[in-house]
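Trainee: Show me how the following folds:
(3 chains)
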Amino acid sequence: MTFNRMLSGDLPRNRILTALLIAIVAGLALAPFLFPGAKALNVAAKICIFIVLVASFDLLLGYTGIVSFAHTMFFGIGAYGVAIALTRLGPSWAAVGAGIAAALALSFGLSFLIGLFSLRVKAIFYAMITLAVASAFQTFASQLSEITGGEDGLNFKVPEMLTPGFSLAEQPFLGVSLDGKLISYYLLFAVTVALFLLMLRIVNSPFGRVLQAIRENDFRAEALGYRTVVYRTFSNVLSAGFATLAGALLALWLRYNGPDTSLSFEIMIDILLMVVIGGMGTMYGAVLGATLFIVAQNYLQDLMKFASDAAAGIPLLPDLVHPDRWLLWLGILFILSVYRFPTGIVGKLRARK
Amino acid sequence: MNVSAATAPDLDALPTVKLDRLPLLLVPALALVALPLIGSPSTWVTLTVAGLAMGMIIFIIASGLTLVFGLMDVLNFGHGVFITLGAYLAVSALGAMTGWTASESLFLNLLAVLPAMLLAMAVAGGVGFAFERVIIRPVYGQHLKQIMITMGGMIVGEELIKVIWGPQTIPLPLPAAFRGSLLLGEAAVEKYRLIAVVIGFCVFAAMFWALSRTKVGLLIRAGVQDREMVESLGYRIRKLFVGVFVAGSALAGLGGVMWGLYQQNVTPQMGAQVNVLIFIVIIIGGLGSVGGCFIGALLVGLLANYTGFLAPKVALFSNILLMVLILLWRPQGIYPVAKR
Amino acid sequence: MSEPLLRLEGVHTHIGAYHILHGVDLEVARGELTVLLGRNGAGKTTTLRSIMGLWRAAPGRVWFDGEDIAARATPEIAQRGIAYVPENMGIFADLTVRENMILAARGARRAEDIDSGRLDWIFGLFPAIKRFWQHPAGLLSGGQKQMLAVARAIVEPRKLLLVDEPSKGLAPAIIQNMIAAFRELKQTETTILLVEQNFNFARQLGDRVAVMDDGRIVHAGAMAELADDESLQQRLLGLSLAAHQ
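Mentor: Take a look at the predicted model:
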């Protein structure tokens, strides 16, 4: 199978971009070996999960032109699905399967309803309504403490093969012990790659092209005979499904889930930032955006702490560069992105010839 | 020159002026429905006043937002930042006047609170002016970008507030004479809530007067319906818009002060939290309609308090349910604005 | 012969990807009523909107009273003394007739500020305005709304009136009213550019006529000349006067 077919004909189309993508994929593929330590592996895992999550959001925003603030809700449903199943049914693969199935069912149902509702309302309404619904869901989840563990969340055991205690071989391989954590990571990585390629396939299919036509000019699409409502709803449902799967992956990795881990508004903002900075409507933008953002989130803060300490004594400056305020700078970068490079990094790269 | 003869058939029938009164009944209807559910009349009175107070504050905050949207088709997802700003300014301002706020004298308390409110309104209005120029003006007509950029503006605003005041929750105690309750028969009604209702009503009355009796108000009402025609009549609607935006931001600042006092503390996220309620309110009311916003705000305030007492877990859901029901009844909101 | 009040010079207008006006040259003489005729989609409304600045005329020039207004903003164009009665009338339905009129009288804060002599004249032309003074304009019939739209345009003296299809969708009796009202208007030496599809209506009012097709002016001259020449009418408008009674 050639690269072209694997990527569904959607090539990066730019040398620098290709180089970056290869670097990222290689880095993620070999993370346990290249970047030793628990923190680095965590960062890599998070990048994988967010690649899927942000790509699914790009499907909705970049390709269909719909702004929805309910995306984290589906992320949370996936995470809670697995969490609750593993808590209730014990650490088995069957439980994982059951949890994912239930979560997908709920997500499909909800996203279908929300999608239908977009019949009656304009884009702005829709954005506001999804904001309200997501907010309500978050409150709801933290209040149903018997089921969801409330504010504290749920700690649970995962199937034996994924636990750190499990070991595949006595001797470490290339300095890395072959334990459950490693297996977890490669499961995550494999699923990420598969889902991402699937999404590429979807956006490059006839269905994907109609979505883009609708995004550009829905009147015209409707006039050409495409029932825009049907397509939009479908896009909604697909996007929600992928987000749910990303959530399931998150739960499996962390072996914990709580309202702040997956449902918080901060995560929604993060996704928005990632997709805009990376590049909307490109899919690869999700890869770049997620990587950039999460690496910055974890390592930039160290840099900022250094700067903050160094600036101690000057009024206001230490607070401005305080590591906790990193969102301020990313927010500014986000605003600049929307103005100056609305096509994100990917778009900027592709535009240079 | 006799033109009337030929038009006689038209002139005979005076058009009936139907005032759409039905939605006005929604608020008392909700209150009446809640009475048997709550049981005790005194509790009902307490909750109703609390609900009206909350509704008034929400109205103050949301009214600017709905006009801005109706007038220029701009939705400011960052409206919450003015609320937070107003509240924090109140903390600083009242903090500097503890002598007056600690006093039992209502007069001295007012002497402290009023300047705090004015300060919040002035600063919020000023920030609003900058916000419109820097953040919103470049993206007129592009809804997608507006949503994202105003959201970005709110994030940056929130972080800047954390830089200036710190990220923790800060208490905002009520001035001494505002605390406590009055007894109406058997019902205990909090003093501050009554004050909020009065202030809210004054703001509503002032807005109503401005919109229906002044030329500027006339321009706003016309502009909400047909912006192009107003420009064709020779008015620079852009300037009008900036004015409405600044006024809306100032009102949000005032609302922030009142909300902060209502909760008796301020957090950097309070704006974002109230944002959701505000959006529900303006959708219910109809984007661009101040009257609809008023009714929507009261409904939401009442509902939040009634469900908070009866079934706390479904409080936020109940507001969404209300929104869905209203949209099913009137898809454009209670008082849709007749566009073109 | 004095300088025309309005002169379009090689005006092109693009709306998005569509090139609607292809170099329009048009003159409107002072104190006269010029009719702009043409089929649906010929570009007549686009021409008016371009003059009004609602759509950008580029390249090309729009000379009004000696000044090029092509790049100006709509409010400024209106303030120079041009009144616009759009095809959809632009009535503010939720406002009362009175409020609509106050808005149109830029100098007025309240109804009392409007020149009462002028108002009486308007009431004489359009009695419906007086009758429904306090009622929401949205409740008026189509014909009455059209009258309100014209009344708004003349509540204060203006140099130029741009009127877009005032007879559209109106009953014949109402159309007669309109014609009578415009005749009175003409006596006040107001310059009018009238877009019409109804040739009979146009013929009774127009001093000069310009015919548009596919975004260009294909004929310009005196109305009398066109009215008398049936073969010319057939060629330009694809109909004869008799058929359109």
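Trainee: Around chain A, which positions in the stretch 151-300 of chain B sit nearby?
Mentor: B:151-153, B:155-156, B:159-160, B:162-164, B:167, B:272, B:275-276, B:279-280, B:283, B:287 (C-beta under 8 Å from any C-beta of the partner chain). Yep, even glycine has a C-beta here, placed from its N, CA and C like the rest.
Trainee: Which of these are buried, as a PyMOL select command?
Mentor: Filtering those down to the buried ones (16 or more other C-beta atoms under 10 Å in any protein chain shown) takes a single PyMOL command:
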select buried, chain B and resi 151+152+153+155+156+159+160+162+163+167+272+275+276+279+280+283+287
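Trainee: Tell me which of the residues of the stretch 151-300 of chain B next to chain A fall in helices.
Mentor: Residues of these located in helices (DSSP state H): B:151-153, B:155-156, B:159-160, B:162-164, B:272, B:275-276, B:279-280, B:283.
Trainee: from those residues, which is closest to chain C?
Mentor: Nearest to chain C among these, counting by C-beta to the nearest C-beta, is residue B:283 at 19.6 Å.
Trainee: so that closest one sits right up against residue A:125, yeah?
Mentor: Yes. With contact defined as C-beta atoms under 8 Å, residue B:283 counts as touching residue A:125 (6.1 Å).
Trainee: which neighbours do the two share?
Mentor: Residues touching both residue B:283 and residue A:125 by C-beta atoms under 8 Å, 6 or more residues apart in numbering or on different chains: none at all.
Trainee: What distance do you get for the residue of the stretch 51-200 of chain A found nearest chain C to chain B?
Mentor: Nearest residue of the stretch 51-200 of chain A to chain C: residue A:65, at 17.6 Å (C-beta to the nearest C-beta). Note on residue A:65: its distance to chain B, by C-beta to the nearest C-beta, to the nearest Å, is 7 Å.
Trainee: Chain neighbours aside, what residue packs nearest to that residue?
Mentor: Spatial nearest neighbour of residue A:65, chain neighbours left out: residue A:215 (3.4 Å); criterion: C-beta to C-beta, 6 or more residues apart in numbering or on different chains.
Trainee: ok, now residue A:276?
Mentor: Excluding its sequence neighbours, the residue lying closest to residue A:276 (C-beta to C-beta, 6+ apart) is residue A:337, at 5.2 Å.
Trainee: is it fair to say that neighbour lies in a helix?
Mentor: Yes. According to DSSP: H, G, I helix; E, B strand; the rest coil, the state of residue A:337 is that of a helix.
Trainee: wait, what's in contact with it?
Mentor: Residue A:337 makes contacts with A:276-277, A:344, as judged by C-beta under 8 Å, 6+ apart.
Trainee: quick one: it and residue A:125, what's the gap?
Mentor: Noted for residue A:337: a distance of 25 Å to residue A:125, by C-beta to C-beta, to the nearest Å.
Trainee: Indicate the residue of chain B located nearest to chain A.
Mentor: Here the residue of chain B nearest chain A is residue B:159; by C-beta to the nearest C-beta that distance is 3.5 Å.
Trainee: Please, which helix or strand holds the residue lying closest to that residue once chain neighbours are set aside?
Mentor: Excluding its sequence neighbours, the residue lying closest to residue B:159 (C-beta to C-beta, 6+ apart) is residue A:328, at 3.5 Å. Using DSSP states H and E, residue A:328 sits in helix A:326-340.
Trainee: Which positions in that helix come out as buried?
Mentor: Neighbour count says helix A:326-340 has A:326-331, A:333-335, A:337-338 buried, by 16+ other C-beta under 10 Å.
Trainee: among those, which two are most distant?
Mentor: Greatest spatial distance in these: A:326 and A:338, 18.9 Å, computed using C-beta to C-beta.
Trainee: ok now do the residue of the stretch 51-200 of chain A found nearest chain B, which residues does it touch?
Mentor: When scored by C-beta to the nearest C-beta, the stretch 51-200 of chain A has residue A:128 as its residue closest to chain B, at 3.9 Å. Counting by C-beta under 8 Å, 6+ apart, residue A:128 makes contact with B:75, B:279-280, B:283.
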